[in-house]
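# sequence first, predicted coordinates after that:
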Amino acid sequence: MQSPTFIQLHRIDDRALASEAAAGLLSAQAQVSPKFFYDPLGSRLFDAITELQAYYPTRTEAAIFAAHGAAMADAVLDATGDEPVMIDLGAGNCAKAARLFGWLAPRRYVAVDISVDFLRDSLQRLQREHPAIQMVGVGLDFSAHLQLPERLVDGRGLVFYPGSSIGNFGAGEALRLLRDARATAAGGALLIGVDLVKPLAMLEAAYDDELGVTAAFNLNLLNHLNRLLGADFRVRDWQHVAHFDAAHSRIQMHLQARQAIAVRWNGAQRKFAAGERIHTENSAKWTVADFEALLRKAGFGAMRHWTDDQGWFAVFLAAG
Ligand code: AVJ
């Protein structure tokens, strides 16, 4: 039986991460990238979020794949040809991709995540279940630029980006990622999950749940910053805030100071007035027409999509 191979394409440099976080904290409107949510506890809190009744995206997307997986796979194979190379962006536990293996029969599965260490256990387990598929784990921060070694995508590929993770990117960055995805697919296709605009109350409840799991997920960022920077944030001094910004069609999450606070870390400090906020996440919501326009702008010619009955979430297939 073959075994998975692993490549780390960039160095994970804690000092570079620390200076990125520090620069964000020191800017006029303090901000920290959502990638800092995902320390070991943060990743578990995100998994817990996906189980919440209020957080509709994960289960709605799963229902779309369950209902239309076979039709999607037919459409994918029309664009890529048989036995495609499947490239999974932000693969994590690889579970969403694995559910499509039966229909797609990829010849190679390339799982991409920020650290190759996140992929080792899941790929080793998956390889045992799917001995015929060649499995490659790639450590890459594709939020800056997505480019894979050419030998990994020999022929038309399927780029798979579920979960509406593209919502974390600003409009310009999302366009850039879609262009990179099109180049990576090399004439194949992109299958991408996209959260849709819906009534405000439902959007805001999904990002401010009654159990406080999303609040814990947001606040845990401060613990991560304390470790990364040696900072002295006190979680109790901060409050989780989430609201829908209609002008940008995105949920914004912030951490809001409950009173005036000075935060210190090796030599630096930032003062926050009572009520001042640190911007921690954007989560964009699209209409079908807006997302199609974005795909077209990124160079895709052919596209179709599947949604749930309520039109809460969509999975787009884009080719050409
Ligand atoms: C993983 C980026 C898709 O934006 O819905 C969930 C992250 N933040 N609850 C999202 C998240 C707060 C999630 N994504």
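Sure thing, it's come through.
# and the closest residue to the ligand within the stretch 201-320 of the chain, how many residues sit next to it?
At 3.3 Å from the ligand, Ser283 is the closest residue in the stretch 201-320 of the chain, using C-beta to the nearest ligand atom. C-beta coordinates here come from the backbone N, C-alpha and C atoms, glycine included. Residues near Ser283, counting by other C-beta atoms under 10 Å, number 21.
# other SSEs contacting the strand or helix carrying it?
Assigned by DSSP states H and E, Ser283 belongs to strand 277-284. In terms of contacts (3 or more C-beta pairs under 8 Å, 6 or more residues apart in numbering; DSSP states H and E), strand 277-284 is packed against helix 213-229, strand 250-257.
# so what's the model's average confidence on the longest one?
Spelled out, that is helix 213-229. Helix 213-229 shows a mean pLDDT of 98.
# tell me the mean pLDDT over the next helix-or-strand element following it?
Using DSSP H and E, the helix or strand that directly follows helix 213-229 along the chain is strand 238-245. When pLDDT is averaged over strand 238-245, the result is 98.
# tally of neighbours for Asn282?
Residue neighbour count, defined by other C-beta under 10 Å, stands at 18 for Asn282.
# against Gly155, how distant is it?
Distance from Asn282 to Gly155, counting by C-beta to C-beta, to the nearest Å: 35 Å.
# got it, and Ala181?
The value you get for Ala181 to Gly155, if C-beta to C-beta is used, is 16 Å.
# of those two, who's got more company?
Taking other C-beta under 10 Å, Ala181 and Gly155 do not tie; Ala181 has more neighbours (27 against 14).
# what does the stretch 151-300 of the chain have sitting close to the ligand?
By C-beta under 6 Å from any ligand atom, the residues of the stretch 151-300 of the chain that approach the ligand are Gly163, Ser164, Ser165, Gly167, Asn168, Tyr207, Thr214, Glu281, Ser283.
# thinking again about what came up before, could I get the helices and strands packed on strand 277-284 as JSON lines with mean neighbour count?
Shown next, in JSON lines, are the helices and strands packed on strand 277-284 (neighbours: other C-beta atoms under 10 Å):
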{"stretch": "helix 213-229", "mean neighbour count": "20"}
{"stretch": "strand 250-257", "mean neighbour count": "20"}
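# mind putting these in TSV, distance to Ser122 included?
Converted to TSV, the helices and strands packed on strand 277-284 look like this (distance: least, C-beta to C-beta, whole Å):
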stretch	distance to Ser122
helix 213-229	21
strand 250-257	27
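# wait, what's in contact with the residue of the stretch 201-320 of the chain closest to the ligand?
Contacts for Ser283 (C-beta atoms under 8 Å, 6 or more residues apart in numbering) come out as Ser164, Gly167, Asn168, Asp195, Tyr207, Arg250, Ile251, Gln252, Met253.
# repeat the analysis, applying 6 Å as the threshold.
Ser283 makes contacts with Gly167, Arg250, Ile251, as judged by C-beta atoms under 6 Å, 6 or more residues apart in numbering.
# now Arg44
By C-beta under 6 Å, 6+ apart, the contact set of Arg44 is empty.
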